[in-house]
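Asker: give me a 3D structure for the following:
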Amino acid sequence: MMKIAITMGDPAGIGPEIICKTGPHFASSSHDFFLVGSPAVLSQTADALGLDHWQFAGVTDPYPVQDIVSGQLSAKAGKAAYSYVVAAAKMALAGEVDAIVTGPINKMALNLAGVEHAGHTEILAQICGSTKYTMFLSGAGLNVFHVSTHISLGEAIERVKTARILEVITLANETLLKLGHPEPRIAVCGLNPHAGEGGLFGSEDKEEILPAVQQAAKQNIAVFGPEPPDTVFVAARNGKYQGVVVMYHDQGHIPLKLLGFDQGVNITIGLPIVRTSVDHGTAFDIAGKGVASEASMVKAIEMALQLSEFSGR
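Answerer: Below you'll find the model as predicted:
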């Protein structure tokens, strides 16, 4: 039996609603689920939308909030969301839960609350003291691993360095093995159109990405590239590759969200804890309206259980 902590995310977003809607999917589960968030907000959401109340095995509310308005950006909601992530991570580090599943947070709300981190990945890395980590998106038949995430495109280009790319390839290989791929084939995207076309469209592919691929191959990783980023996802979707390493945020997010917007799961790999998340934002425009889909949350919990079982936590 696994113990899973679920963070509410920003209490003004769709997090409370999708948590309520997720409950029935695990009603007969033998695992224990713990809410890290506001039970009052969750109860209010359930009552307002006519949803069932999820009977959690336990509740942790590190930052009680009042007068939260659905769809309204606020510093107090951002502070609450941050406190939920911190509390859940500490529970996992202490061995009180086997994994954490995080609801959506809002970067502007975090900023208003004085939190400088760009998102979950960076927050969790700091709490866990991890330096070698990355974002992994899974869904729609794709497994995508990011060299960089929430930074400007200019900075992302500067971070396309051999050492970092090799680090992500290694993390990707380790993760795919854990997920049941005995001999994973990993494609590495080029940065430039046509993977640089031999240097005609930029030098990064030849000077930074190719050496990382060659070094990974020497470590007996089945890795290929740099591959043209405009065609590699078609090959991966058709089964040629089990994983794709991308150079920056949108290079990986766009194809996955196009193919399965509400089915993706966001996983932080390289941490000493298991963490999965929904792959969407707070959706303030539909918060409190009862139309949000819980599909990504359901899949995030399923992935957390799978990873926890493998790691033996």
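Asker: how many other residues sit next to the residue nearest to Asp285 when sequence neighbours are not counted?
Answerer: Among residues not flanking Asp285 along the chain, Gly71 sits closest, at 6.8 Å (CB to CB, 6 or more residues apart in numbering). From N, CA and C alone the C-beta is placed, and that goes for glycine too. The number of residues packed around Gly71, counting by other CB atoms under 10 Å, is 15.
Asker: next one: phi and psi at Gly71?
Answerer: phi 80, psi 0 (degrees, to the nearest 10).
Asker: I'd say it and Ala287 touch.
Answerer: Yes. When contacts are counted by CB atoms under 8 Å, Gly71 is listed as touching Ala287 (4.2 Å).
Asker: overlap in contacts, the two.
Answerer: Ala12, Gly13 (CB atoms under 8 Å, 6 or more residues apart in numbering).
Asker: residues near the closest residue to Gly23 other than its chain neighbours, how many?
Answerer: Spatially, and ignoring its direct neighbours in sequence, Gly23 is nearest to Trp54 (3.3 Å; CB to CB, 6+ apart). Per other CB under 10 Å, the neighbour tally for Trp54 reads 18.
Asker: ditto for Phe26
Answerer: Phe26 - counted by other CB under 10 Å - has 16 other residues nearby.
Asker: next one: the one 10 residues further on
Answerer: Here the count is done by other CB under 10 Å, and Val36 has 29 residues near it.
Asker: list the contacts for Lys90?
Answerer: Counting by CB under 8 Å, 6+ apart, Lys90 has contacts Ile127.
Asker: before we move on, back to that, check contacts around the residue nearest to Asp285.
Answerer: Counted by CB under 8 Å, 6+ apart, Gly71 has contacts Ala12, Gly13, Phe284, Asp285, Ile286, Ala287, Gly288.
Asker: and which of these is nearest Pro211?
Answerer: Gly13 (42.1 Å; CB to CB).
Asker: which strand or helix spans the residue nearest to Gly23?
Answerer: Secondary structure assigned from DSSP states H and E places Trp54 in neither a helix nor a strand.
Asker: what about it, distance to Ala195?
Answerer: Shown here: Trp54 relative to Ala195, a distance of 47 Å by CB to CB, to the nearest Å.
Asker: quick check: nearest residue in space to Lys8, chain neighbours excluded?
Answerer: Actually, residue 8 is Met. It isn't Lys. Nearest to Met8 is Gly37, by CB to CB, 6+ apart, at 2.7 Å.
Asker: same check, this time on Phe284
Answerer: Phe284 sits nearest to Gly71 (CB to CB, 6+ apart), 4.3 Å away.
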